[in-house]
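S.K.: need coordinates for the following:
(chains A, B and C)
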Amino acid sequence: MTAIETRKLTKKFGDFTANNEIDIRVERGEIKAVVGENGAGKSTLMNMLYGLLQPSSGEILVDGEPVRFASPSDAIKRGIGMVHQHFKLSPNLTVFENVVLGSEIRRAFAPLKPLCLLPFVRKRPALNDKFAARRLPLPLIDAAAQKAAVERTIQKYNLGLDAAALVKNLSIGEKQRVEILKMLYRDVQILILDEPTGVLTPREADELISSLKELRRGGKTVIVITHKLREVMDASDSVTVIRGGAVVGEAKTFDTDEKKLARMMVGRDIERPKTGGAPVAGGVVYEVKNLSVVAPDGRKAVDGVSFNIRAGEILGVAGVEGNGQSELVKALTGLMTVAGGTVLKGGADITDAWPKAVRENKIAVIPEDRYGQGLCRDMTVAQNAIAGYHRDRQISRFGLLSKKAVIRRRDGLVKNFDVRLCDPDGDVSQLSGGNAQKLIVARELSSNPDVLIASQPTRGVDVGSIEFIHKKLLELKDAGKAVLLVSSELSEIMNLSDRVIVMYKGAVVGEAPRGADGETLGLMMAGVMPGGG
Amino acid sequence: MNNILYNTVLFSSPILLCTLGGIFAYKANVLNIALEGMMLTAAFVAALTVYLTGSYLAAVALAVGVSLFLGVVFSVFGVSRKGNVIIIGLALNLFASGFTALILRRMGIAKLVAADFSLTSVRLFSGAASVPFLGAFANHTLLTYLSYALIFAAGVLMFKTKTGVYIRVAGENPEAARAVGININRVRYAAVLIGAAACGLAGVSLAVDCFGGVYAVNMTFGRGFIAIAAIYCGRGYPLKAALYAVLFGFSNAAAMYLQLTSAAAARLLTAVPYVMIVVLLTVASVLKNKGNSLRGFYNE
Amino acid sequence: MLKEKTVKNIKSGVAAFCNALIPVLLAFVGGALIIAAARENPFSVYATMLGRALFTPDGFMRVLHVAAPLILTGLAIGVTFKANVFNMGVEGQMLLGGFVAGIIGASMRGVPAAVHIPLCLTAAVFSGALFALVPALLKAYFKVNEMVVTLMLNYAAVEILAFLAEGVFRDPSAGYVSTDMIAGSAAFGRLFGTNLTAFFLIALAAFAVMAVVFKKSRLGYEITAIGKNPEFAEAAGMNVRKKIIAVMLLSGALAGLAGAGWMLGEKYRYTLDFSGSPGLGWDGMLVSLLGSHSVFGILIAAVFYGALKVGVSQAALFTKIPNEIIFVIQALIILFLSVSYLSKNVKFREGAGRIFGKIKGIFKRKKGERTDEQHTL
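M.R.: As a prediction, this is how the structure comes out:
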């Protein structure tokens, strides 16, 4: 029995075809994995199934009937729910307010209820019920009834949430459960999850997978979009692979393996990044001692972190997102003030240095938020190419910029780092994620830094660009520079780093040498110390 | 002293109305700086109506109607067409002040005074006016009392109704609302229009209740912006924002009282409330940003 | 390649021009309705306005003279808007500059003009900048909303200056509230017997300096970056705090200069309606919006708006249309300017940039929300 099916589903944005004649079938009660690279068109497809986008042509069938969704509420009415990668929750509302949002329970007032007290009415149950049931809705929300209803759903699916908690106080895993709860509360039969494990610890991810299996047992259909093949193998019943907006392969999970799927996803074999030569025992270039950072909400986001990096070394910082890595990088790059501790570069104290001073100390930065701190979408490629280095003497003199030098800088970066542009004079917003990231890497590495602080350098980037960026990081290391690599992709950390430290709740909970196994690191990331701590 | 207190109660009323209406747009993340222009237009319409008809009720109805019309214009440009709301707000403020001045000029007068109109018939509890202290709270119009009752009404609307929840979600995370099929634009329209209606009442309160049916060019004199400052200081919470509004009403009343006693410095005293608002905003902002370890500025 | 680029430039130029022209036309239609409601013939009123302002040599020189302070206040607003800082206090800073120039102009006697005029201008520039420093520091160090603060300080400035003009500095011989008339040595003379004064040349010089700042300088680059994405600007080491202060000082200085020039070249004494209505600072806002915050746009818009002002004052003499109509037309222009009618780069919007924004929502909450569904006509 097919739960949902698409026929020649196509979505075009102008000249660009995001989805091209996609045929996909999901059977009722199965877990379907949809895999593909970033930008392959998975999200577009799911957004059409959920009514966020409307197809250019082709059709969607639910339970064999063609449907048209003008908005997500239409999809929900047909029993399709979606959990997005970026949570769509309102932080200052409670769990139950978020869950019932859009279908609030209003207080009602039963004007005829007093009549039920009359003996005449009480003797006649039919009449009694009729009077009690005649209710006039009031404009006020019935918070108690909402909370009770949500609590019932929490119990039914065993989600372990506090309905009255404010969403902003929840952990990431809990927030994701609220998103799932939101859909279950609406009684959906088909649940779509977009990259659900990206922000979870390995343990939370395992828990999620087992609750998805639980839902399947309860008769629900689950569609998971992911690029993590291990989870596909663990969780799904069948897999569909999408590349370049088209379906390139389909299989039952037990018929395939990670390697086959990877080849289908990329269209060729993936080269594993070669780790650089044996660690060079250079001198310590960069040192952080007992660093603490207090977040704006008063939480100690970074708590007494110490580490050092030697010349020719890549130090990996592993950890589930939200354990203080962002704040650590912000403090090191001058975007947050330091509450305590010191930072030394080549022996000089640069604690609390502003971003300008950080660069003057030959520290280059690949920031976490590509379009927040790294690039400005609405400025030209050339303007972005000099950002942070616009004070260089070749670029500007006496406060005036040399247009020629700026263009020369841009052309140099674009050429040496293979940044692909449609329009060299256009804005950065024309660039794909991978090319935009390459532009940042180009800008920062071309400044000939002693130290590189790279945060999530390959997030949301296509495989080709990932390989390229990894190669560049290793080249930098081989040139005797120090690299701090912060990433929530464990495989990236393990492949590139000479040493790994693991952050959990703002503190460094462990250090592992090159070649440590993923399982040990995974446990540390969840706050479990090796040796049963 | 009783006089200052009475005037505080009275002159806080228009600012209070404006503030309480404005918090909804603030919470929906639509900065409505046209509060000033809406109030000014409403004041003009209210004064004109009592001048022509002598009817208080008609003044309320027409003032609210015109203010709502401006609210619709604001929303069409700012919400539907996604124009820059600050620029739209400025345009409406300018329009209000220009258009009303234009009509006054055509009428050939510098100031509109409804000389025949008397407030005595619409004032409540007039008998208690001479009671010490308590008298300051008597002899006001229903609208003045209503403006204080609205503090609680606004709280209920904001926190206990669907509309209020949607407005807050639209401001905090519009994606959350959109994902469950809530029409964000409709919610934003509602937020702006609630503010517009309240500004309509504020105009009546200012032109009729405070000045007895008078319209002078630019008579709001920044009260709409003061309401915005009160909203900022109170971060959109009805009770907190209302306290700031009343504080300004008090300084307004005190300045008026002092002007009577020291004529020479009168002009200087009228500047005090504006400076006070700047000081209050600064204090509120310092408190809000205390312990903020993030460097730099972020687009709101 | 080159040809393609030229075509693109022309296309975006045409779009920018239309985006300025359409609101103006719509506003004139709105104005015509109001004029018609006042039982005047809108066509003859507009004809009078145009004819008297633009098609007589005297009128045109007068237009340029009136445009001089508008160029300066337009630039004053433009430079802050570009940095996404809202200095609504240009009006107050301009008034203060004018007042200071008027007082210095009146209180010193027997000084040569070559000393007197620069002294007045310098003092005005400094006082305008100093007044702008207050909101600048509050914004930079305490993140106080600069828009509300500058608006409040405008009201305060109007009252305090009125207090001074009524009291200490009042000219007892004048029948209305006014300061003393400035000395002859402080007044700009007319150039070649036209309506123009040296003030226009000063405004042009300031314009040239600002053109370099906007187009060529590092500061201009940094201002653009701050305006488009302050987080990015900070991360790129631009020290946004210092730049905000710099921008506000620059804006205040230009506003002060505008006030001084208007004082020494037109008004000669400070009165309560020194800046007219709606006020030169507010006119500057319109000029900057109309010129879409680009220097050359501001220059053209200032002249256009100067013509409108001269035309309306002429029309007020010859028809029954009061001066206040200009208010309404100005408000309508600003209102219609708030939305764009033609996209600058139609191709791009349909193209890849939009898709990446829309589908993936990679770029974050704050920006994504507005960009993803901007309407184009």
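S.K.: okay, CA-based contacts and neighbour counts for the rest of this
M.R.: Will do.
S.K.: now do the phi/psi pair for A:T6.
M.R.: Note on A:T6: its backbone torsions stand at phi -120, psi 150 [degrees, to the nearest 10].
S.K.: in contact with the residue nearest to it when sequence neighbours are not counted, which residues?
M.R.: Leaving aside its chain neighbours, A:T6 sits nearest to A:I60 (4.5 Å; criterion: CA to CA, 6 or more residues apart in numbering or on different chains). Contact analysis of A:I60 by CA atoms under 8 Å, 6 or more residues apart in numbering or on different chains lists A:4-7, A:9, A:49, A:66-68.
S.K.: could you dump those into CSV and include pLDDT?
M.R.: Formatted as CSV, these follow (pLDDT from 0 to 100):
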residue, pLDDT
A:I4, 93
A:E5, 92
A:T6, 93
A:R7, 93
A:L9, 93
A:L49, 93
A:P66, 93
A:V67, 93
A:R68, 92
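S.K.: write the ChimeraX selection for whichever of those residues are buried.
M.R.: Here is the ChimeraX command that selects only those of these that count as buried (16 or more other CA atoms under 10 Å in any protein chain shown):
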select /A:4,5,6,7,9,49,68
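S.K.: now, the contacts of A:I60 that are in helices?
M.R.: A:L49 (DSSP state H).
S.K.: A:Q85: which of the contacts of A:I60 is nearest?
M.R.: For A:Q85, the nearest member of these is A:L49. The distance, counting by CA to CA, is 15.6 Å.
S.K.: contacting residues for that closest one?
M.R.: Going by CA under 8 Å, 6+ apart, A:L49 touches A:60, A:69, A:75.
S.K.: what of B:A91?
M.R.: By CA under 8 Å, 6+ apart, B:A91 lies in contact with C:330-332, C:334-335.
S.K.: try C:W262
M.R.: C:69, C:98.
S.K.: so it versus chain A, what's the distance?
M.R.: As judged by CA to the nearest CA, to the nearest Å, C:W262 and chain A stand 31 Å apart.
S.K.: helix or strand next in line after the helix or strand where that residue lies, which one?
M.R.: Using DSSP states H and E, C:W262 falls within helix C:240-262. Later in the chain than helix C:240-262, the nearest helix or strand by DSSP H and E is helix C:280-290.
S.K.: and which of the contacts of A:L49 is nearest to chain B?
M.R.: Distance to chain B across the contacts of A:L49 (CA to the nearest CA) is lowest for A:A75, with 9.8 Å.
S.K.: might you report the residue contacts of that closest one?
M.R.: So, once contact is read as CA under 8 Å, 6+ apart, A:A75 ends up touching A:49-51, A:69, A:81.
S.K.: in these, find the pair that's most separated.
M.R.: Largest separation among these by CA to CA: A:F69 and A:G81, giving 12.4 Å.
S.K.: mind checking how far the residue of the stretch 301-450 of chain A found nearest chain B is from A:Q155?
M.R.: Closest to chain B within the stretch 301-450 of chain A is A:M336: 4.5 Å, counting by CA to the nearest CA. A:M336 sits 42 Å away from A:Q155, going by CA to CA, to the nearest Å.
S.K.: compare the two (neighbour count), which wins?
M.R.: Taking neighbours as other CA atoms under 10 Å in any protein chain shown, A:M336 and A:Q155 compare with A:M336 leading, 25 against 11.
S.K.: residue numbers of chain A in contact with chain C?
M.R.: Within reach of chain C by CA under 8 Å from any CA of the partner chain, chain A has these residues: A:13-16, A:43-44, A:333-335, A:354-357, A:359, A:371-376, A:378-379, A:383, A:387-391, A:396, A:399-403, A:429-432.
S.K.: okay, and for chain C, where does confidence drop off?
M.R.: By pLDDT under 70, the low-scoring segments of chain C are C:1-5, C:8-9, C:341-377.
S.K.: 50 instead, please
M.R.: Filtered on pLDDT under 50, chain C yields the residue ranges C:1, C:344-377.
S.K.: give the contact list for A:G41.
M.R.: A:18-19, A:242-246.
S.K.: actually B:G291, not the one I typed
M.R.: Contact analysis of B:G291 by CA under 8 Å, 6+ apart lists A:296, A:298.
S.K.: could I get the pLDDT score of B:F117?
M.R.: Looking at B:F117, its pLDDT is 86.
S.K.: so it: helix, strand or coil?
M.R.: Here B:F117 is coil, with the state taken from DSSP: H, G, I helix; E, B strand; the rest coil.
S.K.: before we move on, back to that, the residue of the stretch 301-450 of chain A closest to chain B reaches C:E231, doesn't it?
M.R.: No: applying CA atoms under 8 Å, one finds A:M336 not in contact with C:E231, separated by 11.8 Å.
S.K.: need the contact list for the closest residue in space to B:G164 that isn't next to it in sequence.
M.R.: Among residues not flanking B:G164 along the chain, B:M158 sits closest, at 3.9 Å (CA to CA, 6+ apart). With contacts defined as CA under 8 Å, 6+ apart, the neighbours of B:M158 are B:24, B:164-165, B:167-168.
S.K.: ranking those by neighbours, who comes first?
M.R.: Result: B:F24 is most packed of those (other CA under 10 Å), 32 neighbours.
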